[in-house]
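Student: After the sequence you'll find the predicted model.
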Amino acid sequence: MSRKYGRLLRDLRLKAGKSMGELARHLGVSVTYISDVERGNRAPLTKENTDKAAQFLNADPRPLYMDAAEWHGAFELEANAVSPKAREVGASLMRDWSELTDKDLEEIAKILGKKGALFMLSLPRGFPTDRPLSYAKIEQHARRVCSIIAPTRLVTEALPGLGLFEHLNTYTVRIGDQSVPLDYEVKNFPSGIDALARYEEQEQEIVVTLSESTYENLEGGDPRARLTLCHEIGHAVLHTRELLRLSRISHREAALLRGEKPSHKTYQYTEWQANAFASAILMPAQGLAVLETQGKLSQSAVQRCYEVSALAAKIRLKVYQERKNELLR
Ligand SMILES: [Zn+2]
């Protein structure tokens, strides 16, 4: 089964600046449904919904039809809402499709008009992972990741939570000479699970998954949801090796589960790193330095500026004040 349809749909959606939630609501389906289609875990949208989506995203539906046809192994021609003549021509096409010469096809193409525009895909970039990680190293990772998945964000601005999540596929983590792309999805989790990062063996990618409620909270700008997301991104980019290993040992869904009790040191280690990463990407030291120069550095200012909880701001400020020089290097 081809993932092209889902990838293209996502690409068009991002280009149109729409979130998965917005598209889902427009089509009257769940976010999980859209997420599954985008990741190729579910068949392409119906012809009707493809048209509706294309219109909503201000895009040509034809490349989507092509990719849907690749998935199904056949093109879908609407036969009910058209004239008898159209049905007749459709049936003739079915019969003679494979017999048409290039010249015949060119004639038909001329009648039907020119082909749609080509679609540009952003090139993924990455960096090698490295352990153990100091505060300074984590700060650098956070800066790098942010510059790729949220390139327009200023250091004194809050992270665009939803925008961040839905740009994770522009990022690739490099370990040794292996490149592991990132991806994102929404799932209908049992309650108690907010998010997780896992290695998808079949697609050979790291997937950050949010529960539907975490996704909704992220849409609503909830500070906790943003922290949860950044923690998982931390795992995805800092613990690629661990995720790869875990996916082969135990069942994948259990990997680095949020809220799971740390059972040994490595877990504490990765949890500490993921939290430090979340803190660094949400409240960059460079931004704190700007606030400091302006004489505005306080817990409440940090909380307001970065839309984080009071506790998150307090912890971050303490680290910043103790390690300023190290973090700003
Ligand atoms: Zn964790």
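Tutor: Ah, there it is.
Student: For this structure, which element, helix or strand, carries the lowest mean pLDDT?
Tutor: Sorting the helices and strands of the chain by mean pLDDT, DSSP states H and E puts helix 240-249 at the bottom, at a mean of 69.
Student: and the longest strand belonging to the chain, which strands flank it?
Tutor: Longest strand in the chain by number of residues (criterion: DSSP state E): strand 178-187. Partners of strand 178-187 in the sheet, by DSSP bridges, are strand 172-175 (antiparallel), strand 205-211 (parallel).
Student: Would you tell me which one of the ones you listed is buried the most?
Tutor: A comparison of those by mean neighbour count, using mean count of other C-beta atoms under 10 Å, puts strand 205-211 on top with a mean of 23. In this view, the C-beta of every residue, glycine as well, is placed from N, C-alpha and C.
Student: Touching that strand from outside, list them.
Tutor: 39, 165, 168, 173, 180-189, 193-200, 218, 225, 228-229, 232-233, 236, 240, 243 (C-beta atoms under 8 Å, 6 or more residues apart in numbering).
Student: Could you pull out the buried residues of the longest strand of the chain?
Tutor: 180, 181, 182, 183, 184, 185, 186, 187 (16 or more other C-beta atoms under 10 Å).
Student: so after the least confident helix or strand of the chain, what's the next helix or strand?
Tutor: Beyond helix 240-249 on the C-terminal side, the first helix or strand identified by DSSP states H and E is helix 265-282.
Student: residues of that following helix that come out buried?
Tutor: Quick answer for helix 265-282 (16+ other C-beta under 10 Å): 269-271, 273-282.
Student: Show me which of those residues has the smallest pLDDT value.
Tutor: pLDDT is lowest at residue 269 among those; the value there is 72.
Student: The buried residues of strand 178-187 into JSON lines, with extra columns for distance to residue 61 and pLDDT?
Tutor: Below are the buried residues of strand 178-187 laid out as JSON lines (distance: C-beta to C-beta, whole Å; pLDDT from 0 to 100):
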{"residue": "180", "distance to residue 61": "32", "pLDDT": "91"}
{"residue": "181", "distance to residue 61": "27", "pLDDT": "93"}
{"residue": "182", "distance to residue 61": "28", "pLDDT": "94"}
{"residue": "183", "distance to residue 61": "24", "pLDDT": "94"}
{"residue": "184", "distance to residue 61": "24", "pLDDT": "95"}
{"residue": "185", "distance to residue 61": "24", "pLDDT": "94"}
{"residue": "186", "distance to residue 61": "24", "pLDDT": "95"}
{"residue": "187", "distance to residue 61": "28", "pLDDT": "89"}
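Student: ok, of the residues you listed, which one's closest to residue 135?
Tutor: Of all these, residue 182 has the smallest distance to residue 135: 23.3 Å, by C-beta to C-beta.
Student: among the contacts of strand 205-211, which ones are buried?
Tutor: 39, 165, 168, 173, 180-187, 189, 193-200, 218, 225, 228-229, 232-233, 236, 240, 243.
Student: picking that back up, which one, of the strands paired with strand 178-187, ends up nearest to residue 68?
Tutor: Of these, nearest to residue 68 by C-beta to C-beta is strand 205-211, at 22.4 Å.
Student: now the next helix or strand after that closest one, how far from the centre of its chain.
Tutor: Using DSSP H and E, the helix or strand that follows strand 205-211 in sequence is helix 212-219. Its chain's average C-alpha position is 14 Å from that of helix 212-219, according to C-alpha atoms, centre = their mean, to the nearest Å.
Student: helices or strands next to helix 212-219 in the packing?
Tutor: Under the contact criterion of 3 or more C-beta pairs under 8 Å, 6 or more residues apart in numbering; DSSP states H and E, helix 212-219 touches helix 20-27, helix 31-38, helix 161-165, strand 178-187, helix 223-238.
Student: Make a markdown table out of these and add distance to residue 139.
Tutor: Below are these laid out as a markdown table (distance: least, C-beta to C-beta, whole Å):
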| stretch | distance to residue 139 |
| --- | --- |
| helix 20-27 | 30 |
| helix 31-38 | 31 |
| helix 161-165 | 17 |
| strand 178-187 | 20 |
| helix 223-238 | 12 |
